[in-house]
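> what's the 3D shape of this:
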Amino acid sequence: MKIEKGKIEDINEIMEIIKDTVSDMHEQKIYQWDHTYPSKEIITEDMHEENLYVYRDENVIKGFVVLNEYEDKEYEELDWKYNKGRHLVIHRLCVNPKYKGKGIATKLIEYADIYGRDNNYSAIRLDTFIDNKPARKLYEKKGYSVVGALEFRMGVFYCFEKALEPITTYI
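Numbering: from 1, shown residues only. So this is what the prediction gives:
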């Protein structure tokens, strides 16, 4: 198992995962994604910007996440607790439905924490659909706090944040 930057040659496999994930979400009445989002163009742009990281195991992509500093303009409406320094933002965290319940989302979140600390971010922010209870539960378990809710194209989303404490080494 390894987490690494996604490559353009991964695009078809990732788009197939997205298609399966949308079907799985809709079966659970989670309407966070649909046939237009996330699009192949968005995923390709994520790859060109080198922000998309894949969880690869036995040469199969089992999940992915996008890590960057992009915040939707609506984020300005919220009263974020951690405003100093730079903020890493998690987007499009996705696990292939075939591999749900295997800890892959947890590993991707933990990777974001390590990435954030290694790159001197002070906090991580993200949003998730209000009805996506598994995602909300995971974020809360990993130390994220709800800051507020915003309305996006697909409905209401909870916004979360977590401070990243620097790792202190004692000699």
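> what's opposite Val65 in the beta bridge?
Per DSSP bridges, the residues bridged to Val65 are Tyr53.
> which residues touch it?
The neighbourhood of Val65, defined by CB atoms under 8 Å, 6 or more residues apart in numbering, consists of Leu52, Tyr53, Ile90, His91, Arg92, Leu93, Cys94, Leu108, Ile109, Tyr111, Ala112. C-betas here are computed from N, CA, C, even on glycine.
> now Cys159
Contacts for Cys159 (CB under 8 Å, 6+ apart) come out as Tyr75, Leu78, Arg125, Leu126, Asp127, Val146, Val147, Gly148, Ala149, Leu150.
> repeat that with 7 Å
Shown in contact with Cys159 (CB atoms under 7 Å, 6 or more residues apart in numbering): Tyr75, Leu78, Arg125, Asp127, Val147, Gly148, Ala149, Leu150.
> same thing with Leu138?
Ala105, Thr106, Ile109.
> repeat that for Glu110.
Contact analysis of Glu110 by CB under 7 Å, 6+ apart lists nothing.
> check which helix or strand it maps to.
Assignment of secondary structure by DSSP states H and E places Glu110 within helix 104-118.
> pull the CA atoms of that helix into CSV?
C-alpha atoms of helix 104-118 as CSV (Å, rounded to 0.1, in the frame of the first residue of the first chain):
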residue,chain,number,x,y,z
ILE,A,104,-8.8,3.6,3.5
ALA,A,105,-10.6,6.9,4.2
THR,A,106,-8.9,7.0,7.6
LYS,A,107,-5.5,6.5,6.0
LEU,A,108,-6.2,9.3,3.5
ILE,A,109,-7.2,11.6,6.3
GLU,A,110,-4.1,10.7,8.3
TYR,A,111,-2.0,11.3,5.2
ALA,A,112,-3.5,14.8,4.9
ASP,A,113,-2.5,15.5,8.5
ILE,A,114,1.1,14.4,7.8
TYR,A,115,1.2,16.4,4.6
GLY,A,116,-0.2,19.4,6.4
ARG,A,117,2.4,19.3,9.1
ASP,A,118,5.3,18.6,6.7
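> circling back: how about the contacts of Leu138 in CSV, adding distance to Ile43?
Shown next, in CSV, are the contacts of Leu138 (distance: CB to CB, whole Å):
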residue, distance to Ile43
Ala105, 18
Thr106, 22
Ile109, 20
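> what subset of the residues you listed is buried?
Neighbour counting with 16 or more other CB atoms under 10 Å marks Ala105, Ile109 as buried within these.
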